[in-house]
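Undergrad: Kindly return the folded structure for what I paste below:
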Amino acid sequence: MNCPVCDDSSFAHLSVRGRAVMRCQGCGCLALDAQPAPAECATAPDAGARYASLCIAALRHRGFRGGSLLVAAGARVDTGAFLDWARTDGFRVQFLDLSVASVDLAPAAYDAAILLHQMHTHPAPGELLHATRTALRPGAPLLLTLRRRTQWRPEDRWCFDENTIQLLLLRYGFHEVLVRKPAAGMLVTAVRDEPPPRPKCSIVVAAFNEKPTFPLLMDALLKKEIPGMDREIVVIESNSTDGTRELAKQYQGHPEIKLVLQDRPRGKGHAVREGFRHATGDVVLIQDADLEYDLDDYDALLAPILSHRALFVLGTRHAGDWKIRRFARQKALATGLNLGHAFFTGLINVLFRQNMTDPFTMFKVFRRDCLFGLEFQCNRFDFDHELVIKLVRKGYRPLEIPVNYSSRSFREGKKVRLFRDPFTWLWVDLKLRFARVLPKDLR
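TA: Sure, this is the predicted structure:
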């Protein structure tokens, strides 16, 4: 058996809520030992009116205003409520009973689609999504209803969480994925995408007063090949005073480089946010303009994303040793920074129920779709905290991979302000524990 999300064939046997399950070793998707449903369950209604109202409201939020709607449901789902909604709103509904019918749909025939609990029971969820995408018009929304682990039924074959369902949707040609968790389960919406023939990686480089290292980094980036991916290098230069701007202008017009020239420095976070606005790749990778990190780690960081095993990857500098900073002439200062790193890592793990070792690493790699719906405000190094926290709170589970790291000292150009930045980090961590992550119209 292969996983429908990542095609991995390695599964670990577990027992969850007294039921034997298998967990994919690649992406974490759960495979259930499906059994025939009891006769009394097979004919029970499935709260059709409730699901109809929730589903139609969710599709309206994603731009569906009328036209043809495909609703795929099993025999247990009461679809009468959808007919009532259709008569009220004036759109056409076609029902597809997947318990008796194969998936054979006309191409580009529908303005929206709803799959009611079909991802759990269908033997090949990926094939179902592929057929549904083919039947949708470009830009049409899709809605999936999913059960939670506490709502498993005997006939279920698969169990998806926020990460694995998004991985599956991105793999089969959907994007702008949003997950809501009403009491009834999970509502997942997405939009039919037109993915390019080859994935592309956007490498975002924020540069300010990095004259000694900037040309070395750019030469290394241009020589670095990423197997299986195209690339673009997005350079944000913040009006340096040491000659970095003049060096950056030499790359203006290069076919693989987008150069963004800011009128004044507003902080690393602001520059990276500006880079996000110009990035067009399927995957985003953040790269500093210094040489603290090893570009040879790109392959290991990108591999889980390319193989559909992860959406969000962190390159951890803690490969068995918490002392990631060692300054030859400033040992006490290095120890203080390491202790501060441990404190803030522990704080974030406690506040957001994580087990990360290095949330503040520069190497943050993720599907660009993860940014959909998120808004960022931080301008300095507190942006590292804001980005990780908002991705975690949106539901993404970071995968940490060890990377090589050689820290530079303050004498060599480190720009963190010890008597200012830690207070902004603490404020951001506490504020985002309770603040809303998504705007109201997308929740």
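Undergrad: quick one, phi/psi of residue 365?
TA: With angles defined as degrees, to the nearest 10, residue 365 sits at phi -130, psi 130.
Undergrad: scratch that, residue 174
TA: Dihedral angles of residue 174 (phi, psi; degrees, to the nearest 10) stand at phi -120, psi 160.
Undergrad: For it, give the beta-bridge partners.
TA: Beta bridges link residue 174 to residue 192 when assigned by DSSP bridges.
Undergrad: residues touching it, list them.
TA: Residues near residue 174 by C-beta atoms under 8 Å, 6 or more residues apart in numbering: 129, 133, 142, 190-193. C-betas here are computed from N, CA, C, even on glycine.
Undergrad: helices and strands of the protein: which one has the lowest mean pLDDT?
TA: One helix or strand of the chain scores below all others by mean pLDDT, DSSP states H and E: helix 39-42, with a mean of 46.
Undergrad: Quick check: what element follows it along the chain?
TA: helix 48-61 (DSSP states H and E).
Undergrad: Quick check: which helices or strands does that following helix pack against?
TA: Helix 48-61 is packed against helix 80-89, strand 112-116, strand 141-146, strand 186-192, with contacts defined by 3 or more C-beta pairs under 8 Å, 6 or more residues apart in numbering; DSSP states H and E.
Undergrad: Which secondary structure elements does the helix or strand just after the first one sit against?
TA: Toward the C-terminal end, the helix or strand that comes next after helix 80-89 (DSSP H and E) is strand 92-97. For strand 92-97, the helices and strands in contact under the criterion 3+ C-beta pairs under 8 Å, 6+ apart are strand 68-73, helix 80-89.
Undergrad: Strand 112-116 and strand 92-97, what's the angle between them?
TA: Relative orientation of strand 92-97 versus strand 112-116 (axes from the mean of the first three to the mean of the last three C-alpha atoms, to 10 degrees): 30 degrees.
Undergrad: can you tell me how far the residue nearest the centre of the chain sits from residue 276?
TA: The chain has residue 370 as the residue nearest its centroid, 3.3 Å off, counting by C-alpha atoms, centre = their mean. Per C-beta to C-beta, to the nearest Å, residue 370 is found 11 Å from residue 276.
Undergrad: so residue 387 makes contact with residue 362?
TA: No. Counting by C-beta atoms under 8 Å, residue 387 stays clear of residue 362, with 11.2 Å between them.
Undergrad: what residue ranges in the protein score low on pLDDT?
TA: 35-51, 74-82, 86-87, 98-103, 183-184, 319-336, 408-419, 440-443 (pLDDT under 70).
Undergrad: can you give me the helices in it?
TA: Assigned by DSSP state H, the helices in the chain fall at 39-42, 48-61, 80-89, 118-121, 125-135, 162-171, 214-223, 244-249, 268-278, 298-306, 331-352, 382-394, 421-434.
Undergrad: and residue 246, how many neighbours?
TA: Using other C-beta atoms under 10 Å, the number of residues around residue 246 comes to 11.
Undergrad: hang on, I meant residue 230
TA: With other C-beta under 10 Å as criterion, residue 230 counts 15.
Undergrad: Tell me the bridge partners for it.
TA: On the basis of DSSP bridges, residue 230 is bridged to residue 200.
Undergrad: got the contact list for it?
TA: By C-beta under 8 Å, 6+ apart, the residues touching residue 230 are 196, 198-201, 281.
Undergrad: repeat for residue 176
TA: 190-191, 193, 369, 372.
Undergrad: Please tell me how far residue 286 sits from residue 145.
TA: 35 Å.
Undergrad: Please apply the same query to residue 108.
TA: Distance of residue 108 to residue 145, computed by C-beta to C-beta: 24 Å.
Undergrad: What of residue 10?
TA: Plainly put, residue 10 is 29 Å away from residue 145 if you go by C-beta to C-beta.
Undergrad: out of those two, which sits in the busier spot?
TA: The neighbour comparison of residue 10 against residue 145 (other C-beta under 10 Å) goes to residue 145, with 24 against 11.
Undergrad: Is the more buried one in contact with residue 59, as I believe?
TA: No. Shown here, residue 145 and residue 59 do not form a contact pair, counting by C-beta under 8 Å, at 11.8 Å.
Undergrad: Common neighbours of the two, please.
TA: The contact sets of residue 145 and residue 59 overlap at residue 114 (C-beta under 8 Å, 6+ apart).
Undergrad: For stretch 398-409, buried residues please.
TA: The neighbour-count check on stretch 398-409 (16 or more other C-beta atoms under 10 Å) flags 398-401, 403, 405, 407, 409 as buried.
Undergrad: Kindly apply the preceding question to stretch 137-146 instead.
TA: Buried residues in stretch 137-146, counting neighbours by 16+ other C-beta under 10 Å, are found at 140-146.
Undergrad: Can you tell me which of the residues you listed is nearest residue 182?
TA: Using C-beta to C-beta, residue 145 comes nearest to residue 182 of those, at 9.8 Å.
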